[in-house]
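Chemist: Quick one, structure for this:
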Amino acid sequence: MKKIEAVIKPFKLDEVKEALQEMGVQGMTVIEAKGYGRQKGHTELYRGAEYVVDFLPKIKVEVVIADDQLEAALEAIVGAARTGRIGDGKIFVSEVLDVLRIRTGETGETAV
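Modeler: Okay, the predicted model is just below:
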């Protein structure tokens, strides 16, 4: 199994969710986050005063999927989240050793 952690722009969440649901992903975790990448934030003007916004609002989407769904899930996320502008986000993929469903005690892919 694989865990995908995608850090995306907040307004792209619905598109990413729909793309993953269409390919059969049944559950996900969504976390509101703040961060920055190469752009290192930006400056804004408010009531005549300039200030630096170091951390930009982001959304972190986490899903655990079977190994054979990985490529399709990555394509779905990239297709839905890409704007072509700086700050589109990042996707991290890692191995999942096991999963345990608390309610039933099921383990492995059946627990996902």
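Chemist: Show me the strands in this structure, by range?
Modeler: Taking DSSP state E as the test, the strands found in the chain are 2-8, 29-35, 42-46, 49-53, 56-65, 89-95.
Chemist: pLDDT weak spots in this structure?
Modeler: Residues of the chain meeting the criterion pLDDT under 70: 39-46, 50-51.
Chemist: would a markdown table of the strands of the chain with distance to residue 74 and mean neighbour count be doable?
Modeler: All C-beta atoms are positioned from the backbone trio N, CA, C, and that covers glycine. Formatted as a markdown table, the strands of the chain follow (distance: least, CB to CB, whole Å; neighbours: other CB atoms under 10 Å):
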| stretch | distance to residue 74 | mean neighbour count |
| --- | --- | --- |
| strand 2-8 | 7 | 20 |
| strand 29-35 | 17 | 12 |
| strand 42-46 | 28 | 9 |
| strand 49-53 | 30 | 9 |
| strand 56-65 | 10 | 18 |
| strand 89-95 | 6 | 13 |
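Chemist: Among those, which comes closest to residue 104?
Modeler: With CB to CB as the criterion, residue 104 lies closest to strand 56-65 of these, at 16.4 Å.
Chemist: sorry, back to before: among the strands of the chain, which is nearest residue 80?
Modeler: Here strand 2-8 is closest among the strands of the chain (CB to CB), at 8.4 Å.
Chemist: sorry, back to before: how about the strands of the chain in JSON lines, adding distance to residue 75?
Modeler: Listed next are the strands of the chain as JSON lines, based on distance: least, CB to CB, whole Å:
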{"stretch": "strand 2-8", "distance to residue 75": "12"}
{"stretch": "strand 29-35", "distance to residue 75": "20"}
{"stretch": "strand 42-46", "distance to residue 75": "30"}
{"stretch": "strand 49-53", "distance to residue 75": "32"}
{"stretch": "strand 56-65", "distance to residue 75": "13"}
{"stretch": "strand 89-95", "distance to residue 75": "11"}
